[in-house]
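[1] Sequence and predicted structure are below.
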Amino acid sequence: MPLSSLQSRILRLLASHRNPESYIAGASPLTRSGVRISHDIDVFHDREAAMQQAVADDAATLAAGGYQIEWTRRFPTLHSATISLGGAATSLEWLVDSAFRFFPAIEDELFGYVLHPADIATNKALAAAGRREPRDVLDLLDIHRNYLPLGAVVWAASGKDPGLSPEGIVAEIRRNARYVQDDYDRVLTEAPIDGTSVAYALRQALEAADEFCRAMPAGPEGLLFLHDGRPVQPDPTRLDAYLPHGGQQRGHWPSSPDITAAMLERYRRGDRKL
């Protein structure tokens with residue numbers, strides 16, 4: 001999901017404003033491997049006060065840089081605007097979201113601070129289970145192929161929504177993802193999308209996820225499993241070979257300082273599979 005030149009300039013301009021309470025999330029961080037062209041930038045916050053301060057600081061910096069700001073929504077927990085310069089435009093949203101996550105936000109050269117890939121992945125699974133957006137399918141397949149198998153994603157995602165079991169998330173994604181070619185044609189991508197191939201790939205990913213969830217023993221739902229400091233899809237018959245990692249308010253790193261240091265070092269080197 002490549003970022004446009006305008007989006008990259010905006011992100012770098014505002015990167016110094018980002019912090020562990022004001023970080024880039026949504027789908028735009030998936031640009032490092034995806035095929036979909038991002039149409040917006042999402043800035044997430046744990047508290048309303050943090051969001052309001054970020055809106056004021058970002059808007060002032062954008063205006064000083066010559067960018068035009070057209071506000072489209074202004075609510076206590078959501079502000080959105082169209083940012084334009086030199087004939088190019090993009091959407092920028094500031095919003096308040098749950099502080100419950102698996103890891104803290106990560107410092108990043110381009111984004112300033114960005115949500116951890118595991119939290120981006122689990123949030124995307126919950127989004128796909130709760131709405132009908134063909135872009136979610138493309139993002140899920142990108143996550144499944146390049147980051148973490150969908151079974152492990154939905155297993156962990158259930159910890160963020162106690163009302164949904166892992167199998168329930170799979171079922172809701174399957175129910176929502178009934179798209180035709182015209183739906184994918186409306187999604188901005190680098191190259192044309194073959195709806196038939198996408199449907200087949202998603203069906204395979206969901207079947208594998210469902211099989212994994214049914215093989216898992218009862219009890220450890222809502223967890224990630226780490227191996228050598230990375231989230232992986234575990235062997236259900238050998239769970240003791242992995243480090244279970246649950247979510248909490250504002251996230252946390254593994255209990256081992258060595259694992260945490262290794263994860264962050266890999267991220268700084270550009271290894272996005274941490």
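    All right, it came through fine. Just so you know, these numbers come straight off a predicted model, no measurement behind them. Numbers count the residues shown, from 1 in each chain.

[2] care to break the protein down by domain?
    Here the chain is described, according to automatic domain parsing, as comprising the domains 1-115, 116-274.

[3] So for the longest one, mean pLDDT?
    Which is domain 116-274. Looking at domain 116-274 alone, the average pLDDT works out to 91.

[4] Could you pull out the buried residues of the longest helix along the chain?
    Longest among the helix segments of the chain by residue count, using DSSP state H, is helix 195-215. Taking 16 or more other Cβ atoms under 10 Å as the neighbour-count basis, helix 195-215 is seen to contain the buried residues 195, 198-199, 201-202, 205-206, 208-210, 212-213. Where you see a C-beta, it was placed from the backbone N, CA and C, and this is true even at glycine.

[5] Now do the SS call for residue 126.
    Following DSSP: H, G, I helix; E, B strand; the rest coil, the label given to residue 126 is helix.

[6] Now do the contacts for the nearest residue to it once chain neighbours are set aside.
    The spatial neighbour of residue 126 that comes closest, neighbours along the chain excluded (Cβ to Cβ, 6 or more residues apart in numbering), is residue 157 at 5.3 Å. For residue 157, the contacting residues are 121-123, 125-126, 164, 166, 169, by Cβ atoms under 8 Å, 6 or more residues apart in numbering.

[7] Check which helix or strand the closest residue to residue 243 other than its chain neighbours maps to.
    Nearest-residue entry for residue 243: residue 226, 4.2 Å, with adjacent residues in sequence omitted and distances by Cβ to Cβ, 6+ apart. Element membership of residue 226 [criterion: DSSP states H and E] is strand 224-227.

[8] Kindly report the same for residue 43.
    Taking DSSP H and E as the definition, residue 43 sits inside strand 40-45.

[9] Just list what that strand packs against, helices and strands only.
    Where contact means 3 or more Cβ pairs under 8 Å, 6 or more residues apart in numbering; DSSP states H and E, strand 40-45 is packed against helix 5-14, strand 22-25, helix 48-64, strand 88-96.
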